[in-house]
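> got a structure for you, letters missing:
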Ligand SMILES: [Zn+2]
């Protein structure tokens, strides 16, 4: 089987694949609190898995995962992703998913440093002849996504070089937009990819409701501005109901979607896969 992970490839293989299709994927996600039951690298591991499967299907190489990401202070308002929708009283200082009681802090980069870091890898790939660079993002923070979109736009040199921002997750069915955090789908994805890294038993028994602020497990509806009245996780999003089959199904759909998007970019740039 063709090697796809850049750090494992030797120069002749890299040159051969780049001549065939000058396409590079850059998976990105922070080291971030994902409840007691998921590893800190969940977002990046997810992005990497999707990128590798897409590259296996349509060509290109995958950079090692950049375990970097940014977040910011949650505002005290009823807006999406604000403090109030998570059940805080408004006086707490919360950055991203680092809620006051958690024993481990996420390693969020300051937004500007994050941008500089990601820009550098985009610049280097362009200098080495890649014509289509695809950022595959696994993290939902608003400022993180905005930064990556900006970099993609700024580093594109149309029509010959393009940087495209993509999300590993499937888009929410409108009016929903947020994929939630460490909930059933994300836990199922990790069970499908790396079951040995998941420990659902570290959450309380299933009859105990999970308060958003106690575990940092949040349904997408709450992040979208519509929490439950008692700020506990919706049953439909409960990670204690996660299953590897569900994760595999979602993963396949994510790969199908991204493969289609990237293939369309290649076609529009006249870089069709030359076998
Ligand atoms: Zn995540």
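Everything's here; your move. Small disclaimer: the values here were computed from a predicted structure and weren't measured.

> burial of residue 5, as a residue count?
Residue 5 has 15 neighbours, counted by other CB atoms under 10 Å. Placement of C-beta: from N, CA and C, glycine included.

> who's it bridged to?
residue 62 (DSSP bridges).

> I figured it was touching residue 65, is that so?
No. Between residue 5 and residue 65 there is no contact, the gap being 9.7 Å when judged by CB atoms under 8 Å.

> and whichever residue of the stretch 151-275 of the chain sits closest to the ion, its phi and psi?
Residue of the stretch 151-275 of the chain nearest the ion, by CB to the ion: residue 186 (5.3 Å). With angles defined as degrees, to the nearest 10, residue 186 sits at phi -60, psi -40.

> next SSE downstream of the helix or strand hosting residue 154?
Assigned by DSSP states H and E, residue 154 belongs to helix 142-155. Once the chain leaves helix 142-155, the next helix or strand it forms, by DSSP H and E, is strand 162-167.

> partner strands of that next one, parallel or antiparallel?
Partners of strand 162-167 in the sheet, by DSSP bridges, are strand 132-137 (parallel).

> mean confidence score for the partner strand?
Averaged over strand 132-137, pLDDT sits at 98.

> for residue 123, which non-adjacent residue is spatially closest?
Among residues not flanking residue 123 along the chain, residue 155 sits closest, at 7.0 Å (CB to CB, 6 or more residues apart in numbering).

> and what of residue 131?
residue 22 (4.2 Å).

> repeat that for residue 17.
Taking CB to CB, 6+ apart, and ignoring the residues beside it in sequence, residue 17 has residue 61 as its nearest neighbour in space, at 5.8 Å.

> OK, contacts around that neighbour?
Counting by CB atoms under 8 Å, 6 or more residues apart in numbering, residue 61 touches 4-6, 9, 14, 17-18, 23-25, 55.

> of those, select the buried ones using a PyMOL command.
Selection of buried members from those for PyMOL, criterion 16 or more other CB atoms under 10 Å:
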select buried, resi 4+6+9+17+18+23+24+25+55
